[in-house]
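Engineer: any chance you could fold what I've pasted below:
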Amino acid sequence: MACTRPVVFVFYSVVASTIVAWLAIINAAGAMDRVVIDQAGARREVEGRIVVEASDGGLLLLGRDGVLWRVEVKQIVSRTSDDRPFAPLSRDELAEKLLAEFPPGFEAHKTAHYVVLYNGSQAYARWCGALFERLYRGFANYWRNQGFRLPEPEFPLVAVVFGDRNSYLRHARRELGPSAASIVGYYHMETNRMTMCDLTGISSL
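Structural biologist: Now for the predicted structure:
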């Protein structure tokens, strides 16, 4: 059972990333947008590409890290753009950003398509990375055999692997609420990240 769960997460991750890649083709001509957002008194600047602008001025903003931001018009402090074309973060840049975002103790394992962030067993993180790559190739090959050539993901795919269930739950409850307790892992469409914990328990040894 433990091996089938990452399969489901990867499936949704690759499907969603394919959708985002097609959106990228549609919006490929877009310049780099910079939006300063005020969320409950905390300000941050997000560099990315505006995917949708609502009639009331609200935005759906795709960050350079692949995160989708739903921004209400009242949260917009400023908005600018320049001639520099939109460019996703590289794997190294994204890994650096993630390590700054998460608490000390996390490390990053990078594969051809994935950045695996982990704070437990390196061996388990590497196993997950290898599994994700096999599943990615299998997914792409299936559709290629059906006559469809899927675009490469525009962004590096992200998986966050917590070394123990308690740290996983502390993080997951912020995104899922009480239902996190009944879920061993999930894909989040807005952050474009898979989140799970070490199912083997080896990290606690």
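Engineer: what's the first helix or strand after the least confident helix or strand in the chain by mean pLDDT?
Structural biologist: Among the helices and strands of the chain, helix 4-26 carries the lowest confidence by mean pLDDT, DSSP states H and E, at a mean of 48. Downstream of helix 4-26, the first helix or strand assigned by DSSP states H and E is strand 31-39.
Engineer: pull out the buried residues from that following strand.
Structural biologist: Buried residues in strand 31-39, counted by 16 or more other C-beta atoms under 10 Å: 32, 33, 35, 37. Any C-beta I mention is one placed from the backbone N, CA and C, and that applies to glycine too.
Engineer: hang on, residue 174 is in a helix, isn't it?
Structural biologist: Yes. Counting by DSSP: H, G, I helix; E, B strand; the rest coil, residue 174 is part of a helix.
Engineer: that one and residue 197, how far apart?
Structural biologist: To residue 197, residue 174 is 15 Å away according to C-beta to C-beta, to the nearest Å.
Engineer: more neighbours: those two, which one.
Structural biologist: Between residue 174 and residue 197, residue 197 has the larger neighbour count (other C-beta atoms under 10 Å), namely 23 against 9.
Engineer: next up, the contacts around the more buried one.
Structural biologist: By C-beta atoms under 8 Å, 6 or more residues apart in numbering, the residues touching residue 197 are 161, 162, 163, 164, 165, 167, 168, 184, 185.
Engineer: name only those of the residues you listed that count as buried.
Structural biologist: 161, 162, 163, 165, 167, 168, 184, 185.
Engineer: for the second one, which residues make a bridge with it?
Structural biologist: In this structure, residue 162 has beta-bridge partners residue 197, where bridges are defined by DSSP bridges.
Engineer: for stretch 95-113, buried residues please.
Structural biologist: So stretch 95-113, judged by 16+ other C-beta under 10 Å, has buried residues 95, 98, 102, 106, 108, 109, 111, 113.
Engineer: for those, which one is nearest residue 46?
Structural biologist: Using C-beta to C-beta, residue 98 is the member of the buried residues of stretch 95-113 that lies nearest residue 46, at 15.6 Å.
Engineer: pretty sure the closest one belongs to a helix, no?
Structural biologist: Yes. Applying three-state DSSP, one finds residue 98 inside a helix.
Engineer: burial of the nearest residue to residue 34 once chain neighbours are set aside, as a residue count?
Structural biologist: Excluding its sequence neighbours, the residue lying closest to residue 34 (C-beta to C-beta, 6 or more residues apart in numbering) is residue 80, at 5.0 Å. When neighbours are counted by other C-beta under 10 Å, residue 80 registers 11.
Engineer: list the contacts of residue 83.
Structural biologist: residue 31 are the contacts of residue 83 under C-beta under 8 Å, 6+ apart.
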